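K.L.:
Quick one, structure for this:
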Amino acid sequence: MRSTRIKRGLERTPHRALLYATGIAPSEMKKPFIGVASSFTDLIPGHIGMRDLERFIEKGIHTAGGYPFIFGLPGICDGIAMGHVGMHYSLPSRELIADIVESVALAHALDGLVLLTNCDKITPGMLMAAARLDIPTIVVTAGPMLTGRYRGRRLSFIRNTFEAMGRFRKGEIDREELQACELGACPGVGSCQGLYTANTMNSLTEAMGMSLPGCGTAPAATSEKRRIAFESGERIVELVRKGVTPRKIMTKRAFENAITVDLALGGSTNTVLHLLAIANEAGLGLPLESFDRLSRTTPHIASIEPVGEHYMEDLHWAGGIRAVMKRLGERIKNNPTVSGKSIRRLVEEVDYMDEEVIRPAERPYHKEGGIAVLTGNIAPLGCVVKQSGVSRKMMRFEGTARVFDSEEAAMRSITAGRINKGDVMVIRYEGPKGGPGMREMLAPTATIVGMGLSEDVALITDGRFSGGTRGPCVGHISPEAMEGGPIALIKDGDRIEIDIPRRSIELKVDKRELERRRESWRPPEPKIKRGWLSRYARLVTSANTGAVLR
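P.N.:
Numbers count the residues shown, from 1 in each chain. Down below sits the predicted model:
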């Protein structure tokens, strides 16, 4: 066991003394040391219930003959960080989380890890650490929040807060209903109810085989989630004894299975960044093109909020991720999982599927998967769009550029009513370097939807979008503006054509004119010049590679 390096031999007398100071009994010293990396915090709804899950993980580890040590990790709530300086820190926190798990696990010679997580950058950060360390690991995602209620209607975070702001401004709802949305949209513990980034990543963690069956969708604060936590604690001890490490599970097949499930669900575009980054840590080449290649042959068979009317609780009761994989048939490849059962066996065990929530592949919502990768003279290295959230009318769109060098500038124009039908909003200098931190543009996109402009206005950015975004919103434009990408050369009044079926995004400006503009372009001053984010901006790569650090 790895932990022998801190607890065996005469020269480890001081080490043992410190371990005994923690309260461990001498009889326990021969057992595997299991780290429980918990992102519990009072700040995030998806994490406030983790103290309970920590207990059940501990019980499982003890039952199976291991000894648990809980250690903490930071977490940022994207919803609370949205629309101000806090959002600069969200994506970069993914790298910090991976580094902290690595630091604690290696410094304390842990034999195995249980990663207790739930939200947007925290889950991928932990998976990056698992792939990097390659010591036995199992992931427990704390589960989605149940929907709220208001006068017989179900409420959810994005639709009934961000989009409600736009509806209030239009006069469609009064202040009393707006306040009812504030109080009722998030009724308690769990990750936000729709297929936003948190729940998409949690679902894909199960699809990759890194968490136990049902973990990706089982609601927070349920007895089922407690049992999954207990069984995960038991299982990690067995993984340690058998030497089953993440890279034996996180194979190329596992990543392609995760992408396929993502496309079938119509999940968040942020998963593109995260899966590329996790694959990079696993030593696998996963090109951006993989998403589009698989999207061409993967039907979109579940319509979950914000795109559809179903929620994560509906997906779970409909059969969960295993049922989605069963629907996809031969598109899902066999692969080992942390449960000890293969993907094929887990899928064979599915005996119920709700066709209203998870449609047969022959009767999809869309013939292609939820994400499309576009290229063109605006994005030579690619960009992404959640095509499952775009109406048929807006799949092809040509409009007039309205250029903004920050999210704040764009929001001022939207709320002042200066965005008109036929506009293509261009929000730039919001990429990994330029942001820095590649902020989510949920406030602009949700306000546009709430104001009834989603069928008449498009938005493109070198930043990214929340999993709650819907409408013709194209993100991750690479290279980004701060690196001199073509998006930096767009001017107000230019014509832009977006053609999702043809996978193209083009600036209708003569090449010679673009060359003249490039000659006069100079990068702006960095928005943040001190602290960790200034270092991040110097080290981070572009979105098409997963925004990883050099």
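K.L.:
Could you list the buried residues of the lengthiest strand in the chain?
P.N.:
Secondary structure of the chain per DSSP state E: the longest strand is strand 396-404. Across strand 396-404, burial judged by 16 or more other CB atoms under 10 Å covers F397, G399, A401, R402, V403, F404. All C-beta spots, glycine's among them, are computed from the backbone N, C-alpha and C.
K.L.:
Which neighbours in the sheet does it have, and how are they oriented?
P.N.:
Its sheet considered, strand 396-404 pairs with strand 423-427 (parallel), strand 495-499 (antiparallel) by DSSP bridges.
K.L.:
Identify all contacting residues around the last one.
P.N.:
Residues lying outside strand 495-499 but in contact with it, judged by CB atoms under 8 Å, 6 or more residues apart in numbering, are 374, 378, 395-401, 424, 426, 458, 460, 472, 474, 490, 504-509.
K.L.:
just checking, what packs against the helix or strand following it?
P.N.:
Using DSSP states H and E, the next helix or strand after strand 495-499 towards the C-terminus is strand 504-507. Judged by 3 or more CB pairs under 8 Å, 6 or more residues apart in numbering; DSSP states H and E, strand 504-507 is in contact with strand 495-499.
K.L.:
Quick check: buried residues in the strand it packs on?
P.N.:
Using 16+ other CB under 10 Å as the test for burial, strand 495-499 gives I496, E497, I498.
K.L.:
Which of the buried residues of strand 396-404 sits closest to M1?
P.N.:
F404 (55.3 Å; CB to CB).
K.L.:
My understanding was that the closest one contacts A410; is that so?
P.N.:
Yes - in this structure, F404 is within contact of A410 by CB atoms under 8 Å, at 4.1 Å.
K.L.:
if I look at the two, which residues touch both of them?
P.N.:
With CB under 8 Å, 6+ apart, F404 and A410 have common neighbours M425, I427.
K.L.:
Any buried residues in the helix ranked longest in the chain, and which?
P.N.:
Longest helix of the chain, by residue count under DSSP state H: helix 223-242. Using 16+ other CB under 10 Å as the test for burial, helix 223-242 gives 225-226, 228-241.
K.L.:
try stretch 178-193
P.N.:
For stretch 178-193, a neighbour-count test (16+ other CB under 10 Å) marks A180, C181, G184, A185, C186, V189, G190, S191, C192, Q193 as buried.
K.L.:
so who does the first one touch?
P.N.:
Yep, that's A180 we're talking about. Contacts of A180 (CB under 8 Å, 6+ apart): Y150.
K.L.:
Take the buried residues of stretch 178-193 and keep only those in helices.
P.N.:
Per DSSP H, the buried residues of stretch 178-193 map to helices at A180, C181, G184.
K.L.:
ok, of those, which one's closest to F56?
P.N.:
Nearest member of those to F56, counting by CB to CB, is G184, at 29.0 Å.
K.L.:
now that closest one: how far from Y150?
P.N.:
5 Å (CB to CB, to the nearest Å).
K.L.:
Common neighbours of those two, please.
P.N.:
Jointly contacting G184 and Y150 under the rule CB under 8 Å, 6+ apart are N160.
K.L.:
Give the full set of residues in contact with S90.
P.N.:
Per CB under 8 Å, 6+ apart, neighbours of S90: I76, D78, A81, D120, K121, G437, R439, E440.
K.L.:
That should have said A258, apologies.
P.N.:
L204, A207, M208, T271, L275.
K.L.:
if you set the cut-off to 6 Å instead, what comes out?
P.N.:
L204, A207, M208 (CB atoms under 6 Å, 6 or more residues apart in numbering).
K.L.:
Spatially nearest residue to it (excluding sequence neighbours)?
P.N.:
Spatial nearest neighbour of A258, excluding adjacent residues (CB to CB, 6 or more residues apart in numbering): L204 at 4.2 Å.
K.L.:
count of neighbours near the nearest residue to S3 once chain neighbours are set aside?
P.N.:
Nearest non-adjacent residue to S3, counting by CB to CB, 6+ apart: F33, 4.1 Å away. Counted by other CB atoms under 10 Å, the residues lying close to F33 total 25.
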